[in-house]
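Participant: Below are the sequence and a predicted model for it; my questions follow.
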Amino acid sequence: MGQVSTISSVATDQPVAETPRKRVGRSRRGRERVPGEPRKIAYLYILPVFVCYGLFVLVPMVQSGWISFFRWDGISVGTWVGLNNYVEILADPQLRNAFVHSLVLILFFSGLPVLIGLLLVGIMSRARIRGMTFFRTVLFLPQVIAMVVMAVIWKWIYAPGGVLNRALEVVGVDALTRPWLGSFTWALPALGLVGTWMGFGLCMVIFLAGAQSIDRDLYDAARVDGAGPLREFFAVTLPGLRPQIAVAITITTITALRTFDLVYLTTSGGPGNATTVPSWEIYQRAFLTGEVGSAAAIGVVLTVIVFAVTVGIVRLGERRHT
Amino acid sequence: MISRTERALNYIVLSAFTVVVLLPVGLLVLTALKSAAGPSPSFGFPTSLHIENFVAAWNQGHFGSYLKSSAIVAVSVVVVVTVVCTLAGYAFGAMRFPGNKALFYLLMLGIVVPYEILIISLYYDFRALSLTNTYWAMILPHIGLSVPFGTFWMRAFFLATPRSLVESARIDGGTSWTILWRVLAPLARPAILTMIALVFMWTWNDFLIALVMVSEDSLRTAPLGLGYFQGRYTEQTSLMAAAAILVATPVVVLYIFLQRHFIRGMLSGAIKG
């Protein structure tokens, strides 16, 4: 899909559709201004964007980075503590766990949906599907519904008297019923499943579209070589879906890393600290418990992770592509 | 070559997963239409459709006010971002100037940065300026957060416009300004539409920025209002369900009409998520 190449083009710095301008410019009759020549007025055009961006993204980013080296309660003067806040992230089990929980969420938000999506593409034949627009619209729907709304719904589903437990009772497995969001072991996976529900539609849409564009000849060649459906999947489909898999993993992983609304509205990090996540810790510390420096440090670490994941996946997704 | 069973399998699989997606949504709708669903909503059908839940959510639940707030914030953000990013995207995509690439990469950093880190400083800055609990406290950060994607998107469009178009307009005596607004902007309509749709959705659905910046009820946006409502009135599930539907509907309606735009935009703005 062309869109993926746009992202990777940002990463690898090759514009998608840029014709060589100098050549066209010079072939014109001499005029005062040759099309394609550097224009100072461009700076005026980008100025508004950079004012907004500078004031409300760059400045706060630098400020937060600066604050991360202090112990500050948000009211009185802060004290310099150097890298203490960062050390605390490694040393304090509560903070460590927040990041560990993120890893678990990534498995549910990203790993599972990607697997489900790939499985589906493997099962489904490449026949034209009538009404694909309808299916696509519905499958993608969880991506556009506000997280707040989904938190409300799933809180009901997971409630002790809620639909999930009732369904288990109806099927006859009463023993499995439990207070999902109140359980130290099950609260996090329960939240993870919400992410799975959100993400598998996205993966299906992406992979199905991607599978349509895989060269038929590759499948024919594989079949000629005597490959069965399984071999076909691993030899042709999977490599062919590389960029789509990269996009899907990127979107879902970042959603997992930045989860806040879901935790805030269902478990508040609980029971105990069983469902804390980095963004929750940031919120708590920056605005409730007066540990702004610590919050900023967590924020910096989160930013680095998100950045690394994004760039890493984009690069992985397009290496060996073409 | 592809048997009927294979084709049927496709539909069965797709339908099954479609149902899985729709089940929670269905629960919400059913709950909103019951007179009083009680603390644990189920899939039972209501005896009659109790639309008054929506009216109650609007009035007693204050969601009329919350929706108005969301609209004010979202529309303001969309208008500013559209203008500002069209200008910048045009420059980045159609003009050559020193630092084009470097400045663009600087901007792209904004797509990757999670705003959880920014909100810390933004809050304390705004508080110092006595701007918390105002619409500005929500509008301004959202503008900052949306311009990286908006510029990326518009730049991609302008990069793809044929040079010949711009050149012939230039020969006809056009300046960069007139070329942009008379020649290229009409062509940019689909791209602009996608950008509007996505920026609107991200701004409308936001919870954290509103939560941090605003505590006055009159300013609460719809998602924030829902969260607040849920915290206080956990028993009134039917009212909450109606409110939730009110919160989600504008974006969903926009999505249904523009789903192709949404999907294409989100998948290429993969980093923004």
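Facilitator: Here it is on my side, so go on.

Participant: which stretches of the stretch 101-250 of chain B form helices?
Facilitator: B:115-128, B:136-160, B:163-171, B:176-178, B:185-187, B:189-205, B:208-213, B:222-232, B:237-268 (DSSP state H, counting those that start in this stretch).

Participant: could you check whether the fifth one is close to chain A?
Facilitator: No: counting by Cβ under 8 Å from any Cβ of the partner chain, chain A has no neighbours in helix B:185-187; the shortest distance is 13.4 Å. Heads up, the C-betas are built off the backbone N, CA and C, glycines and all.

Participant: for the fourth one, same thing?
Facilitator: Yes: applying Cβ under 8 Å from any Cβ, one finds helix B:176-178 in contact with chain A at B:Ser176.

Participant: coming back round to it: tabulate the helices of the stretch 101-250 of chain B (a markdown table), appending mean pLDDT.
Facilitator: Converted to a markdown table, the helices of the stretch 101-250 of chain B look like this (pLDDT from 0 to 100):
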| stretch | mean pLDDT |
| --- | --- |
| helix B:115-128 | 94 |
| helix B:136-160 | 94 |
| helix B:163-171 | 83 |
| helix B:176-178 | 84 |
| helix B:185-187 | 86 |
| helix B:189-205 | 94 |
| helix B:208-213 | 95 |
| helix B:222-232 | 91 |
| helix B:237-268 | 90 |
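
Participant: With mean neighbour count added, can I get those in a markdown table?
Facilitator: Formatted as a markdown table, these follow (neighbours: other Cβ atoms under 10 Å in any protein chain shown):
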| stretch | mean neighbour count |
| --- | --- |
| helix B:115-128 | 22 |
| helix B:136-160 | 24 |
| helix B:163-171 | 16 |
| helix B:176-178 | 15 |
| helix B:185-187 | 12 |
| helix B:189-205 | 21 |
| helix B:208-213 | 23 |
| helix B:222-232 | 22 |
| helix B:237-268 | 22 |
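
Participant: What residues does the stretch 201-322 of chain A have near chain B?
Facilitator: Counting by Cβ under 8 Å from any Cβ, the stretch 201-322 of chain A sits next to chain B at A:201, A:204-206, A:247, A:250-251, A:254-255, A:257-258, A:260-261, A:264-265, A:278-279, A:282-283, A:286-287, A:292, A:295-296, A:299-300, A:302-303, A:306-307, A:310-311, A:314.

Participant: now do 7 Å
Facilitator: A:201, A:204-206, A:247, A:250-251, A:254-255, A:258, A:260-261, A:265, A:279, A:282, A:286-287, A:292, A:295-296, A:299-300, A:302-303, A:306-307, A:310 (Cβ under 7 Å from any Cβ of the partner chain).

Participant: Look up how far chain A lies from B:Thr237.
Facilitator: Separation of B:Thr237 from chain A (Cβ to the nearest Cβ, to the nearest Å): 7 Å.

Participant: my guess is that residue meets B:Ala32, correct?
Facilitator: No: B:Thr237 is beyond contact range of B:Ala32, at 9.0 Å (criterion: Cβ atoms under 7 Å).

Participant: Now do the same contact list for the residue in the stretch 151-300 of chain A that chain B sits nearest to.
Facilitator: Residue of the stretch 151-300 of chain A nearest chain B, by Cβ to the nearest Cβ: A:Gly299 (3.1 Å). Neighbour list for A:Gly299: A:Ser64, A:Ile282, B:Glu116, B:Ile117, B:Ile120 [criterion: Cβ atoms under 7 Å, 6 or more residues apart in numbering or on different chains].
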